[in-house]
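Enquirer: everything below, folded, please.
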Amino acid sequence: MRQTDLSAAPERQSQRPALVPAATEETDLLRESVVVEVLASAGLRSLAELAETVAKLATAEREVLRLFWSARSVSEAARLRGCSASTMEKQLENARAKLGCRSSPEAYLLLRIAELGRISDGPGLTTPPAPSFVAGS
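Expert: Below is the predicted model:
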């Protein structure tokens, strides 16, 4: 039977690279630029405008976006909600139309950004809200 020296294990563990890179100015800007891109693709110019747009969503539309995101499929989300897949698809379509999105994941992302009211970089790390911007500037 082979014996292993366990005293070296902590040393080896400390040399492993982190699975999640530390937030840096570059990653903060990348995340902010993604948010700005998503806002722009929906025709929105600021987080305040996003909040106004998201406020137009019915409670059911917010629920289906959240459920869609957490479920593996529209069918599963519909089953969990107790409705048909076609009803679920129609509510997702309505939410996308109100938010000006082409996809349900994009609509969910806009909902989450509005709910957070800021850009999140992970546990305990946040950047200030993205400034208003004008397309083309």
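Enquirer: quick one: the strands in the chain?
Expert: Secondary structure of the chain by DSSP state E: the strands cover 119-120, 126-127.
Enquirer: looking at those strands, which has the lowest confidence?
Expert: Of all the strands of the chain, mean pLDDT reaches its minimum on strand 126-127 (a mean of 40).
Enquirer: residue ranges in the chain under the pLDDT threshold?
Expert: The model of the chain has pLDDT under 70 over residues 1-30, 33, 118-137.
Enquirer: what are the ranges of the helices in it?
Expert: 9-14, 25-41, 47-54, 59-70, 74-81, 85-99, 104-116 (DSSP state H).
Enquirer: tabulate these (TSV), appending mean neighbour count.
Expert: C-beta here means a position set from N, CA and C on the backbone, and glycine is covered the same way. As requested, those are exported to TSV (neighbours: other Cβ atoms under 10 Å):
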stretch	mean neighbour count
helix 9-14	8
helix 25-41	15
helix 47-54	17
helix 59-70	18
helix 74-81	17
helix 85-99	18
helix 104-116	19
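Enquirer: skipping adjacent residues, who's closest to V38 in space?
Expert: L109 (5.7 Å; Cβ to Cβ, 6 or more residues apart in numbering).
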